[in-house]
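S.K.: one predicted model, sequence on top.
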Amino acid sequence: MEMKEWIRSLPKAELHLHIEGTLEPELMFKLAERNKIRLRFPNVEAVRQAYQFNNLQEFLDIYYEGAKVLLQEQDFYDLTAEYLERMQKENVRHVEIFFDPQTHTDRGVPFARVIGGIHAALENAEKKYGMTSKLILCFLRHLSEEAAQEVLRQAEPYKKWFHGVGLDSSEKGHPPQKFAKVFERARLFGLQTVAHAGEEGPPEYIWQALDVLKVKRIDHGVRSIEDPKLVDRLVKERIPLTVCPLSNIKLRVFQDLKDHSLKKLLKAGVKVTINSDDPAYFGGYLTENFIQTQVALGLTKEDVLLLVGNSFDASWIADDRRQKLKLELRRMASGP
């Protein structure tokens, strides 16, 4: 069995995935037609050609353009179901996905429609595929903390449908400490906390996410390699990083995948995981991120197994399911 086919066959978990970022151009146009939305792109190919970004903000501009086709509960269901069907084919056993309610509620779409469609698709995937999931509500950091407090208020009646809160969108100029109070409130609700930090922002943002927001997992975190004391802390406290290699290349965090910090962090003992971020926009879902990263960085079979095992360890699944998944992984360790 070739390495890429072996990687594809492994049981996997994904911990850093924006559901709005799985909106493929074909579905975008389908929903635009269904909802009578006019897009600024004439066809699917024009959308794909626009997926060339110099930075995070250029990506976000087109990301929000695409999101405006999502209006009805069925739209959110279709979006989520399409992603989950793809993951089932990639042998993904567990997903922890982000959603950005403010992207939709600020357009007048009720919170209930957003979470209702996503939740229904996640429940159906567990029944249909045996795929478990956790849903993470993200606050948009380019907006105010007051706006985040309001979306958390809207979310409270649906608390049983999501497991944690996160922080995403434009990192530069929006440090984690800006959201200290809303994260404190989320923790009082019993929610888990994560935050995007150290992608375009400096290592200091990772320190803030840990010390001010008190997160237990860092999304991205690739710039931690610039701060040896921070790397030491991540190792000592076993803080996982949900790294998204192809996203980092597409957004010019690194110019070439061969230059990525993932292998250095892994070798230093950091609990690194591989994920896809916004795969419809960044050219690869979970398995493709593994395959391209393995080739570019010369990852060994042991490295790949460690990365997959880390994703199970870093997930929020029940311990008995975690152990079953890790046992399944060990059975496949003979590899290519």
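M.R.: Right, received. Where do you want to start? Numbers count the residues shown, from 1 in each chain.

S.K.: give me the element residue 138 is part of.
M.R.: Element membership for residue 138, per DSSP states H and E: strand 132-140.

S.K.: tell me which strands that strand pairs with, and in which orientation.
M.R.: In the sheet, strand 132-140 lines up against strand 92-99 (parallel), strand 164-168 (parallel) (DSSP bridges).

S.K.: and the longest one, average pLDDT?
M.R.: Averaged over strand 92-99, pLDDT sits at 98.

S.K.: gap between that strand and the chain center?
M.R.: 8 Å (Cα atoms, centre = their mean, to the nearest Å).

S.K.: i'd like the first residue to be 23 from this point on
M.R.: With the count now opening at 23, the last piece we talked about shows up as strand 114-121.

S.K.: show me the helices in the stretch 23-172 of the chain, by range?
M.R.: With DSSP state H, counting those that start in this stretch applied, the stretch 23-172 of the chain shows helices at 25-31, 47-56, 66-71, 78-89, 95-111, 123-127, 133-151, 167-177, listed in chain order.

S.K.: save the strands paired with strand 154-162 as TSV, and put in mean neighbour count too.
M.R.: Every C-beta, even on glycine, is put in place using the N, C-alpha and C of the backbone. Output for the strands paired with strand 154-162, formatted as TSV (neighbours: other Cβ atoms under 10 Å):
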stretch	mean neighbour count
strand 114-121	25
strand 186-190	26
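
S.K.: wait, which of those strands is closest to residue 26?
M.R.: strand 114-121 (15.9 Å; Cβ to Cβ).

S.K.: burial check on the nearest residue to residue 129 once chain neighbours are set aside, number of neighbours?
M.R.: Distances taken as Cβ to Cβ, 6 or more residues apart in numbering place residue 90 nearest to residue 129, at 6.4 Å, with adjacent residues excluded. Other residues near residue 90 number 18, with proximity taken as other Cβ atoms under 10 Å.

S.K.: contacts for the strand holding residue 160 next, please.
M.R.: 40, 115-125, 137, 140-141, 144, 147-148, 169-170, 173-174, 177, 183-191, 201, 204, 214, 216, 337-339, 343 (Cβ atoms under 8 Å, 6 or more residues apart in numbering).

S.K.: out of the residues you listed, which end up buried?
M.R.: The neighbour count (16 or more other Cβ atoms under 10 Å) marks 40, 115-125, 137, 140-141, 144, 147, 169-170, 173-174, 177, 183-191, 201, 204, 214, 216, 337-339 as buried among the contacts of strand 154-162.

S.K.: low pLDDT regions in this structure?
M.R.: Within the chain, the ranges that satisfy pLDDT under 70 run 23, 357-358.

S.K.: returning to what we had before: quick one, which of the helices of the stretch 23-172 of the chain is nearest to residue 252?
M.R.: Nearest of the helices of the stretch 23-172 of the chain to residue 252, taken as Cβ to Cβ: helix 78-89 at 21.0 Å.

S.K.: what's in contact with the closest one?
M.R.: By Cβ under 8 Å, 6+ apart, helix 78-89 touches 42-43, 45, 50, 61-62, 69, 72-73, 75, 122, 125-126, 191-194, 221-222, 272-273, 300, 303.

S.K.: then stretch 240-256?
M.R.: Residues contacting stretch 240-256 (Cβ under 8 Å, 6+ apart): 38, 188, 190, 216-221, 223-225, 228-229, 231-232, 261-266, 270, 275-276, 282-284, 286-287, 290, 292-293.

S.K.: try it again with 6 Å
M.R.: For stretch 240-256, the external contacting residues (Cβ atoms under 6 Å, 6 or more residues apart in numbering) are 38, 216, 218-221, 225, 228, 263-264, 283, 286-287, 290, 292.

S.K.: most widely separated two among those?
M.R.: It's 216 and 286 that sit farthest apart of the contacts of stretch 240-256, by Cβ to Cβ, at 22.4 Å.

S.K.: just to revisit the earlier point, and the helices of the stretch 23-172 of the chain as a markdown table, adding distance to residue 250?
M.R.: A markdown table is the format used below for the helices of the stretch 23-172 of the chain (distance: least, Cβ to Cβ, whole Å):
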| stretch | distance to residue 250 |
| --- | --- |
| helix 25-31 | 31 |
| helix 47-56 | 43 |
| helix 66-71 | 41 |
| helix 78-89 | 26 |
| helix 95-111 | 36 |
| helix 123-127 | 36 |
| helix 133-151 | 40 |
| helix 167-177 | 32 |
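
S.K.: which among those helices is found nearest to residue 322?
M.R.: Nearest to residue 322, of all those, is helix 25-31, at 9.9 Å by Cβ to Cβ.
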